[in-house]
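**Student:** fold the following, please.
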Amino acid sequence: MRPLALLTLIFFAQTAMGSTIYYVVQPGDTLSQIAQSRVGSPVYGKKGTLRKILELNPELAPRAHLIRPEEGVKLSGKIRLPAGSMSEDSSLNEKSIDPSEPSEPSDEGRHSELGVATRVYFSRVNGLEKSNRSNATLLSTMNSGGTLTWSQIWSEHWKSALSIGADRISLNSSSTRILDNSSQTYTRLGAGLGYSDGNRFKMGFDTLLAEEIFYRATSLTHLQIDKVMIPRVGLSATYDLLNLYPFRLRAGAGFDYLMSTHTDTYSISGGLAYRGSLSFIEERKNRALSWWGGLFYGATNQETKDLEINRSDLGVALGLIWSPSK
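**Tutor:** Prediction:
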């Protein structure tokens, strides 16, 4: 009997007896290629072979584009071999593995990412004078900013991140109450810890030290704008509403607590900030660069001795993520 025929018979015999057959990923492989060449067509859709492979390997669903060489992918029962294209050497890519054997620990999942994002947004700041409850729009302008983030992915579930960013905020306003009619740069430094359930849900804990606009005032008609460094801590969560490789549609929400800040010049009570986002993400296996874009909204409420300040931001953001290990 020829070696190829014998090898094929062994594969089918193993399947019939119930042993688990894995395909060992080779450099350049994608799940869709594996599904088409090893299981069959159609590849996409509810009855597609790609969906069947993801059902057999649920741990791959959130990172279908990130399979790595030497990683084992469990296949469905029947394996379709491309006619006349499988050599004796290439057949070694498929192995029968006993699921009861403990797997060796691996740190293949560990890698670093560098992200850069830019944003353009409309800001509106309203002030309410506590003494007489009068209110006015203090700021209504278009602004822009950017953030540089370095992330360390420790495993399928955990990651950490450091970020530095800056926003250029225009202080021009239709109101003549603001004394400083110029633009200023506001910087921010952040650190965070993120958790993923390995599927569609992610959550994060963030700490941020950011310069904020502070209105030093005795009334809405006598204002002076300062920059104040305010620490904040926050929680956020995201969920992938749609996960159709290589695209994802992700919704996010979160809130921050802005800590109280007191000096001889000003006193700011603790405040709350809320944020929401809807993002479109494109990621592909074996490509180091991916991109995302989306809409975001934020609202912040703070109090000083004389004023209640409410700020809202609505804008668009675009970002790139580079994974050098791919």
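
**Student:** which stretches of the chain aren't confidently modelled?
**Tutor:** 1-20, 64-65, 76-109, 172-182, 215-224, 263-267, 285-286, 326 (pLDDT under 70).

**Student:** partner strands of the strand ranked longest in it, with direction?
**Tutor:** Scanning the chain for the longest strand, with DSSP state E as the assignment, gives strand 222-244. As defined by DSSP bridges, the strand partners of strand 222-244 come to strand 201-219 (antiparallel), strand 247-258 (antiparallel).

**Student:** I'd like those strands written out as a markdown table, with mean neighbour count and distance to P62 added.
**Tutor:** C-beta: built from backbone N, CA, C; applies to glycine. Output for the strands paired with strand 222-244, formatted as a markdown table (neighbours: other CB atoms under 10 Å; distance: least, CB to CB, whole Å):
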| stretch | mean neighbour count | distance to P62 |
| --- | --- | --- |
| strand 201-219 | 18 | 9 |
| strand 247-258 | 17 | 9 |
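
**Student:** mind checking those for the one nearest to G45?
**Tutor:** Proximity to G45, assessed across the strands paired with strand 222-244 by CB to CB, is greatest for strand 247-258 (15.5 Å).

**Student:** chain center to the closest one, what's the gap?
**Tutor:** 9 Å (CA atoms, centre = their mean, to the nearest Å).

**Student:** next structured bit after that strand?
**Tutor:** strand 261-262 (DSSP states H and E).

**Student:** who does that following strand touch, helix- and strand-wise?
**Tutor:** Strand 261-262 makes packing contacts with strand 222-244, strand 267-268 when contacts are defined by 3 or more CB pairs under 8 Å, 6 or more residues apart in numbering; DSSP states H and E.

**Student:** return the longest strand of the chain as CSV; C-alpha atoms alone will do.
**Tutor:** The C-alpha coordinates for strand 222-244 follow below in CSV (Å, rounded to 0.1, in the frame of the first residue of the first chain):
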residue,chain,number,x,y,z
HIS,A,222,-15.8,87.3,36.2
LEU,A,223,-13.9,84.2,35.0
GLN,A,224,-10.3,83.2,34.8
ILE,A,225,-9.3,79.9,33.2
ASP,A,226,-6.5,77.8,34.8
LYS,A,227,-5.0,74.4,34.1
VAL,A,228,-5.4,72.0,37.0
MET,A,229,-3.9,68.5,37.3
ILE,A,230,-6.6,66.2,38.6
PRO,A,231,-6.2,62.5,39.3
ARG,A,232,-9.0,60.1,38.4
VAL,A,233,-9.8,56.4,38.6
GLY,A,234,-12.2,54.6,36.3
LEU,A,235,-13.9,51.3,35.3
SER,A,236,-14.8,50.5,31.7
ALA,A,237,-16.3,47.6,29.8
THR,A,238,-16.6,46.6,26.1
TYR,A,239,-18.6,44.0,24.3
ASP,A,240,-18.2,42.9,20.7
LEU,A,241,-21.7,43.2,19.1
LEU,A,242,-20.4,41.7,15.8
ASN,A,243,-17.4,39.4,15.3
LEU,A,244,-17.0,38.6,11.6
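
**Student:** what residues of that strand count as buried?
**Tutor:** Buried residues in strand 222-244, counted by 16 or more other CB atoms under 10 Å: L223, I225, V228, I230, R232, G234, S236, T238, D240, N243.

**Student:** coming back round to it: columns distance to K47 on top of the helices and strands packed on strand 261-262, output as JSON lines?
**Tutor:** Output for the helices and strands packed on strand 261-262, formatted as JSON lines (distance: least, CB to CB, whole Å):
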{"stretch": "strand 222-244", "distance to K47": "15"}
{"stretch": "strand 267-268", "distance to K47": "59"}
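
**Student:** out of the ones you listed, which gets nearest to I321?
**Tutor:** Of all the helices and strands packed on strand 261-262, strand 222-244 comes closest under CB to CB, at 14.6 Å.
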